[in-house]
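Novice: Structure for this input, please:
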Amino acid sequence: MAQSVVVLSSQLITTLTALAYLRWRGLRDTRLEVVSLYRDDLSHSAKAFQPLLQALAAQDGHHCWFITGDSVLIGPEPRACSLLVLPRLDDREGQQMLRTYQASEVVELGESIGVETRLYSEHSQQTRIQSLALVRRSQAMASVRLDPLVPLDRPVEPLRLQEMLNICASFRRAFVAADASRGSQPTAVLLCLPYLRVPKWRVRLRLLGRSFGWRWTLGIENRAYFRSAVCAALRPLPADVPLRVQAHPKNETHHALIERLLASLRPGRSWGLLPADEPLEVRLLRGWSDAGSEPWPVLGFGTNLLAAAVFLAPHHRRVGHCQPADQSWWRRCSDPWLNRREWRRSQHVRAVLSNLLDALDQLRAQ
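Specialist: Next up, the predicted model:
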């Protein structure tokens, strides 16, 4: 009987990472379910990509199908599977999947392309520690593994990274061949924004289904930090180089706030906010990752930079991390307190990006 594998993924790059992981583990000819708990219109693995991903999975003998929406969680009892692959074990979606599927082995791959998970507040970190301890105690019959592609405390496994590059290259070829609407992309720097928090409430009370309290004036949290980091990243580039901004999908309703945030960029620079109808990976495939020409830089803050590095290989050194340039004693002392969330994000992403780029350099030199 074929081994049953269930993958939780709502992003294109996460699905590709899972396929590469299965190949690296030597798992082939499985019954593979790719589950997204979001509606189709909120899933980055949109229906347009599913035939390509199914064909890619079929290369390793997987019988793959996609399940979308909360209906997967409806059932009288847990479903059995051999392997359950999750981006995270401690978040709401991961916990729901653990309750829905009774797995012989559970693997946490990490976020984005398989990054070791680090959270940016003490409360979230403590919750994660407690959740992982509970999972290990409750999964008495299952093997629970934390197996990220890009760890913090050890080098990237070269063979596993090579499988990831092979999967991405196969998908790139299939995507380009199937994309009849492919056209020339504008010459520009691509800026990838992380999820920007827009707090609504100072104090909130819910009563009889309604919310009461003291509201904030809508605005992006840590605006000065983001503005300073973007300006520092653009400073070495020519002033006439246009900028294209890729916002996080969860900030689709906040585009006006993002435009206000970026309005103070160097005067005269042309910039535009890209529509939210395509994920980052598709834009990289269509314009910023052509092997025949030198790509324009891709700048950013979060783990989406790691997806860019993989899709842009062998031009991965064109991927840059945004951070404020001022290294004065005041900033070194104040950022961990005044901009704590973004400071933690910067420390984490800088470490894993450096680890990944070094590993890509080594593979390229072989």
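Novice: use CA for all of it now, contacts and neighbours both
Specialist: OK.
Novice: now the helices: where do they sit in this protein?
Specialist: 12-25, 50-58, 92-100, 122-138, 158-178, 223-234, 255-262, 280-283, 304-312, 329-338, 340-365 (DSSP state H).
Novice: Just put those helices in CSV and tack on mean pLDDT.
Specialist: Formatted as CSV, the helices of the chain follow (pLDDT from 0 to 100):
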stretch, mean pLDDT
helix 12-25, 95
helix 50-58, 94
helix 92-100, 90
helix 122-138, 86
helix 158-178, 93
helix 223-234, 89
helix 255-262, 90
helix 280-283, 86
helix 304-312, 90
helix 329-338, 79
helix 340-365, 92
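Novice: Out of those, the one nearest Leu149 is which?
Specialist: For Leu149, the closest of these is helix 158-178, at 7.3 Å, according to C-alpha to C-alpha.
Novice: other SSEs contacting that closest one?
Specialist: Judged by 3 or more C-alpha pairs under 8 Å, 6 or more residues apart in numbering; DSSP states H and E, the packing partners of helix 158-178 are helix 12-25, helix 50-58, helix 304-312, helix 340-365.
Novice: Which strands and helices lie in contact with the longest one?
Specialist: Translated: helix 340-365. Counting by 3+ C-alpha pairs under 8 Å, 6+ apart, the packing neighbours recorded for helix 340-365 are helix 158-178, helix 304-312, helix 329-338.
Novice: What's the local residue count around Arg92?
Specialist: Arg92 has 9 neighbours, counted by other C-alpha atoms under 10 Å.
Novice: what's the answer for Glu157, then?
Specialist: Around Glu157 there are 13 other residues, counting by other C-alpha under 10 Å.
Novice: and among the helices and strands packed on helix 158-178, the most buried is which?
Specialist: Of all the helices and strands packed on helix 158-178, helix 304-312 has the most neighbours on average by mean count of other C-alpha atoms under 10 Å, namely a mean of 24.
Novice: Turn the helices and strands packed on helix 340-365 into CSV, columns for distance to Ser112.
Specialist: Shown next, in CSV, are these (distance: least, C-alpha to C-alpha, whole Å):
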stretch, distance to Ser112
helix 158-178, 13
helix 304-312, 7
helix 329-338, 25
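Novice: Quick one: closest of the ones you listed to Ser124.
Specialist: Comparing the helices and strands packed on helix 340-365 against Ser124 with C-alpha to C-alpha, the closest turns out to be helix 329-338 (16.5 Å).
Novice: quick one: contacts of that closest one?
Specialist: Here helix 329-338 makes contact (C-alpha atoms under 8 Å, 6 or more residues apart in numbering) with 343-344.
Novice: That helix: which residues count as buried?
Specialist: By neighbour count on 16 or more other C-alpha atoms under 10 Å, the buried set for helix 329-338 is Asp335.
Novice: how about that helix as CSV, C-alpha atoms only?
Specialist: The C-alpha trace of helix 329-338 is given here as CSV (Å, rounded to 0.1, in the frame of the first residue of the first chain):
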residue,chain,number,x,y,z
TRP,A,329,25.4,53.8,20.0
TRP,A,330,21.9,55.3,20.3
ARG,A,331,20.4,53.1,17.6
ARG,A,332,22.2,50.0,18.8
CYS,A,333,20.8,50.6,22.3
SER,A,334,17.3,51.9,21.3
ASP,A,335,16.3,49.5,18.5
PRO,A,336,16.0,46.4,20.7
TRP,A,337,13.5,48.4,22.8
LEU,A,338,11.8,50.9,20.6
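Novice: so which of the helices and strands packed on helix 158-178 gets nearest Ile129?
Specialist: helix 340-365 (17.3 Å).
Novice: which residues does the closest residue to Glu111 other than its chain neighbours contact?
Specialist: Take Glu111 and drop its neighbours on the chain: the residue closest to it by C-alpha to C-alpha, 6 or more residues apart in numbering is Pro87, 5.4 Å away. Residues counted as contacts of Pro87 (C-alpha under 8 Å, 6+ apart) are 8-9, 14, 94, 108-112, 114.
Novice: Residue ranges of each domain in the chain, please.
Specialist: 4-176, 187-365 (automatic domain parsing).
Novice: Now do the last one: distance from first to last residue.
Specialist: It refers to domain 187-365. The straight-line separation of the ends of domain 187-365 (C-alpha to C-alpha, to the nearest Å) is 29 Å.
Novice: List the buried residues of stretch 249-268.
Specialist: The neighbour-count check on stretch 249-268 (16+ other C-alpha under 10 Å) flags 249, 251, 254-255, 257-258, 261-262 as buried.
Novice: one step back: please tabulate the helices and strands packed on helix 158-178 in TSV, including the columns distance to Val198.
Specialist: Below are these laid out as TSV (distance: least, C-alpha to C-alpha, whole Å):
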stretch	distance to Val198
helix 12-25	26
helix 50-58	33
helix 304-312	20
helix 340-365	13
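Novice: Out of those, which is closest to Pro199?
Specialist: helix 340-365 (13.7 Å).
Novice: So what does the spatially most central residue of the chain have for phi and psi?
Specialist: Geometric centre of the chain, nearest residue: Ser112, 3.1 Å, by C-alpha atoms, centre = their mean. Here is the backbone geometry of Ser112 (degrees, to the nearest 10): phi 60, psi -120.
Novice: Leu312 versus that one, what's the distance?
Specialist: 15 Å.
Novice: Same check on Val150?
Specialist: 17 Å.
Novice: before we move on, back to that, pLDDT wise, what is the residue nearest to Glu111 at?
Specialist: On pLDDT, Pro87 comes in at 94.
Novice: What residues does Val7 make contact with?
Specialist: Residues in contact with Val7 (C-alpha under 8 Å, 6+ apart) are 15, 18, 32-35, 84-86.
Novice: Where strands are concerned, which of those count?
Specialist: Judged by DSSP state E, these include 32-35, 84-86 as members of strands.
Novice: I'd guessed Arg197 sits against Arg223; true?
Specialist: No: counting by C-alpha atoms under 8 Å, Arg197 sits too far from Arg223 to count as a contact (9.9 Å).
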